[in-house]
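Undergrad: Model the structure of this input:
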Amino acid sequence: MLVAAPVLLVAFMLWPRISLKHGGFIPLALAGLISGAPILHDPVIPVPDGAVKLKVYQHNIYVENIVFERIVNKVEREDPDIIALVEARDDTLAPWEARLQERWPYMAKAQTRRYSWARLRLFSKYPIKDYQVRKRDYEPATLHARVETPNGEITVVVAHFTRPWPFKEPEAQMRHYRALRTMLDGIDGPLVVLGDFNSVPWGRIGRRMQDDLGFHLANERWAGTWPGRVNIDDMMDTPGLARFLTIPIDLAFCRGGLVCNNHRVGENLGSDHRLTQFDIWVPEPGALTLDDGHGEDGASSLAPCRGACETPPKRPRVN
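TA: This is a model prediction of the structure:
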């Protein structure tokens with residue numbers, strides 16, 4: 001297997017028609033995958049008695065997706081409890097919002113044009129009590145929301161990290177990680193962080209999420225999500241790339257007593273990323289302790305808004 005890494009590097013250097021915009025660093029990414037990625041299963045975390053299961057659909061849908069109806073049809077068939085979308089343009093989703101909200105009546109999105117560039121969207125069958133949207137250069141685009149489940153509140157953070165070198169300077173992603181960590185330090189209680197990390201689970205960000213911040217990874221490390229199709233040019237819907245040629249960068253992490261498992265990778269549906277699905281098990285409130293990430297009152301809290309960010313106006317719940 002190690003022999004394949006230099007072969008891919010040579011292929012990269014001899015492939016003159018590939019540009020960085022259209023995935024020219026794919027051979028480099030695959031070289032790193034083949035030469036050293038730990039293809040291992042994480043330890044199984046037992047699901048506590050009385051836990052409630054939430055099904056999650058997660059997808060970077062691609063900002064120029066021209067077949068969004070396929071995604072709508074997919075989520076209606078899968079019927080998840082929570083839908084988290086990345087690169088979700090307002091004009092792409094606008095024709096479908098009413099249809100989606102028939103089944104997922106609670107929705108979180110940017111309320112102003114300034115933060116609409118975050119292009120993040122959250123739909124839920126359960127009440128979204130409050131949320132904030134951020135989009136600033138020195139941190140990942142984030143949407144973080146408090147969701148009321150049958151077993152109490154959980155916090156959901158959807159994030160989109162900047163791309164790695166050579167698209168950005170080498171430290172750009174670590175600046176985003178440090179900003180995200182500051183945000184997460186202000187969140188107590190059950191917490192799931194998911195989105196497009198533009199980084200693999202065994203990379204700098206993934207390792208720190210697990211080793212320093214106490215999260216466990218929902219993904220199967222061997223199941224790639226990007227590149228999701230053969231051609232990633234704008235405005236094209238091409239066949240999916242063979243799974244063994246992809247790397248996992250659409251990640252999900254859980255802590256605070258949550259157990260995340262049963263992670264699956266699916267089709268691309270017009271995106272350059274494959275969709276993912278997984279289950280969140282929310283324990284009964286009495287099963288959680290202070291060590292699980294709760295505050296003194298046992299309640300989850302939304303991170304404080306430091307600097308410029310957006311908090312939507314209060315609105316009545318839809319029952």
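
Undergrad: which regions of the stretch 1-150 of the chain sit below the pLDDT cut-off?
TA: Screening the stretch 1-150 of the chain residue by residue with the criterion pLDDT under 70, one finds the ranges 1-41, 112.

Undergrad: again, but for the stretch 151-300 of the chain
TA: Across the stretch 151-300 of the chain, the stretches falling below the confidence threshold (pLDDT under 70) are 230-240, 288-300.

Undergrad: just the strands in it please.
TA: For the stretch 151-300 of the chain, applying DSSP state E, counting those that start in this stretch gives strands covering 152-160, 191-196, 216-217, 250-255, 259-265, 276-282.

Undergrad: Need these in a markdown table (columns: mean neighbour count).
TA: The way it works is simple: take the backbone N, C-alpha and C, and place the C-beta from them, glycine included. Converted to a markdown table, the strands of the stretch 151-300 of the chain look like this (neighbours: other Cβ atoms under 10 Å):
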| stretch | mean neighbour count |
| --- | --- |
| strand 152-160 | 24 |
| strand 191-196 | 25 |
| strand 216-217 | 18 |
| strand 250-255 | 25 |
| strand 259-265 | 18 |
| strand 276-282 | 23 |
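
Undergrad: Got the phi and psi for the spatially closest residue to residue 63 that is not a sequence neighbour?
TA: Using Cβ to Cβ, 6 or more residues apart in numbering and skipping residues adjacent in sequence, the residue nearest residue 63 is residue 87, 4.3 Å away. With angles defined as degrees, to the nearest 10, residue 87 shows backbone torsions of phi 60, psi 40.

Undergrad: Next one: residue 145 from residue 89, what distance?
TA: From residue 145 over to residue 89 the distance is 20 Å, taken as Cβ to Cβ, to the nearest Å.

Undergrad: And for residue 221?
TA: According to Cβ to Cβ, residue 221 and residue 89 sit 31 Å apart.

Undergrad: cool, residue 180 as well?
TA: Per Cβ to Cβ, residue 180 is found 23 Å from residue 89.

Undergrad: likewise residue 67?
TA: Applying Cβ to Cβ to residue 67 and residue 89 gives a distance of 14 Å.

Undergrad: Tell me which of those two has more neighbours.
TA: Set side by side, residue 67 and residue 89 give different neighbour counts by other Cβ atoms under 10 Å, the larger being at residue 89 (18 against 15).

Undergrad: Surely residue 52 and residue 279 touch.
TA: No - assessed by Cβ atoms under 8 Å, residue 52 is found out of contact with residue 279, at 10.4 Å.

Undergrad: what about residue 83, how many residues close to it?
TA: Neighbouring residues of residue 83 were enumerated by other Cβ under 10 Å; the total is 23.

Undergrad: residue closest to the middle of this structure?
TA: Within the chain, the residue whose C-alpha comes closest to the C-alpha centroid is residue 195; the distance, by Cα atoms, centre = their mean, is 1.3 Å.

Undergrad: residues in contact with it?
TA: If you count contacts by Cβ atoms under 8 Å, 6 or more residues apart in numbering, residue 195 has them with 58, 60, 84, 86, 120, 140, 157-161, 250-251.
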